[in-house]
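Novice: need a structure here:
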Amino acid sequence: GDYFDGSNFIAAVWKDGVKTDLGAVGTDSEAWGVYVSNGIVYVTGYYYVGTDAVPAVWKDGVKTDLTITGASAQAWSIYVNDGAVYIAGRYFVGTASVAAVWKDGVKTDLNVPATAKSSDTYSIYVSDGVVYVCGYYNDGTNDIAVTWKDGVRTDLTVTGADALASAIYVNGGTVYAAGYYFDGTNDISAVWKDGVKTDLGVKGKDSYAWSVFAE
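Specialist: Below you'll find the model as predicted:
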């Protein structure tokens, strides 16, 4: 997470309640994702250089910037599999965000329609080297919730409504995505199991799903 030191937001990680600062004093930074593998703590997020956000990964507190040229970018979620570090995030082309994944620092854009106005990721999960990501893209009219499996996109369609997938988990090859959609009046939390939606929220009340786990 992060905290405010009186002048800036400082990225930090807490272990058993003990805080370790990751961000530098004098600039804003935020930590968004954490993963522990073989006792090593990996954290991802971003910090600012002027007005540009620079995505980064901290490995036991040592920062490495993610590859991005001439663009502001942010990293949201991290997963470590067989020693490889996978990070989901976005970068900007002008004012449009582009969904991307970094594997060991190398960026790959995620597939969206050529007509998409913007896209973003929110969560990443890796199983036996297969990379699952969730997020959304904007088709010019609506935000479309989506999952990607090794870059192959599956739209989680909610006809004529904005929708977003905020968390992903895979168990036994079944893909679970949690998020929410707009029913015309309220945001309704939902979970998709292999693309089939089940509402969690109650009509007439706003609700949001941010995490998912299955066993």
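Novice: Name the SS class of the most centrally placed residue in the chain, please.
Specialist: What sits nearest the mean C-alpha location of the chain, by C-alpha atoms, centre = their mean, is Tyr122, with 2.3 Å. Three-state call for Tyr122 (DSSP: H, G, I helix; E, B strand; the rest coil): strand.
Novice: Surely it and Gly89 touch.
Specialist: No - using C-beta atoms under 8 Å as the test, Tyr122 is too far from Gly89 to be in contact (9.5 Å). Heads up, the C-betas are built off the backbone N, CA and C, glycines and all.
Novice: which residues do these two both contact?
Specialist: Common contact partners of Tyr122 and Gly89 (C-beta atoms under 8 Å, 6 or more residues apart in numbering): Trp76, Ser77.
Novice: Can you list the buried residues in stretch 135-155?
Specialist: Neighbour-count burial for stretch 135-155, counted by 16 or more other C-beta atoms under 10 Å, picks out 135-138, 142-148, 153-155.
Novice: oh sorry, the question was meant for stretch 36-47
Specialist: Tyr42, Val43, Thr44, Gly45, Tyr46, Tyr47.
Novice: Alpha carbons of that stretch, in PDB - could you do that?
Specialist: Presented in PDB, the C-alpha positions along stretch 36-47 are these (Å, rounded to 0.1, in the frame of the first residue of the first chain):
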ATOM      1  CA  VAL A  36       5.800 -14.000  -1.900                       C
ATOM      2  CA  SER A  37       7.800 -16.900  -3.400                       C
ATOM      3  CA  ASN A  38      10.500 -18.900  -1.600                       C
ATOM      4  CA  GLY A  39      10.600 -16.300   1.100                       C
ATOM      5  CA  ILE A  40      11.200 -13.400  -1.300                       C
ATOM      6  CA  VAL A  41       8.800 -10.500  -1.200                       C
ATOM      7  CA  TYR A  42       7.800  -9.000  -4.600                       C
ATOM      8  CA  VAL A  43       5.900  -5.800  -4.700                       C
ATOM      9  CA  THR A  44       4.700  -3.900  -7.800                       C
ATOM     10  CA  GLY A  45       3.400  -0.400  -8.200                       C
ATOM     11  CA  TYR A  46       4.700   2.900  -9.500                       C
ATOM     12  CA  TYR A  47       6.300   6.200  -8.600                       C
END
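Novice: Go ahead and name everything in contact with that stretch.
Specialist: Contacts for stretch 36-47 (C-beta under 8 Å, 6+ apart): 2, 11, 13, 15, 22-24, 27-35, 53-61, 73-78, 80, 83, 85, 87, 89.
Novice: likewise stretch 153-168?
Specialist: With C-beta under 8 Å, 6+ apart, stretch 153-168 has contacts from 110-112, 122-125, 132-136, 142-148, 175-184, 190, 192, 195, 197, 208-212.
Novice: State the mean pLDDT of it.
Specialist: Averaged over stretch 153-168, pLDDT sits at 92.
Novice: what bridges to Val13?
Specialist: Taking DSSP bridges as the rule, Val13 bridges to Thr20.
Novice: Was I right to think it contacts Leu22?
Specialist: Yes - here Val13 reaches Leu22: they are 6.2 Å apart, a contact under C-beta under 8 Å.
Novice: for Tyr48, helix, strand, or coil?
Specialist: strand.
Novice: check contacts around it.
Specialist: Counting by C-beta under 8 Å, 6+ apart, Tyr48 has contacts Thr27, Asp28, Ser29, Val54.
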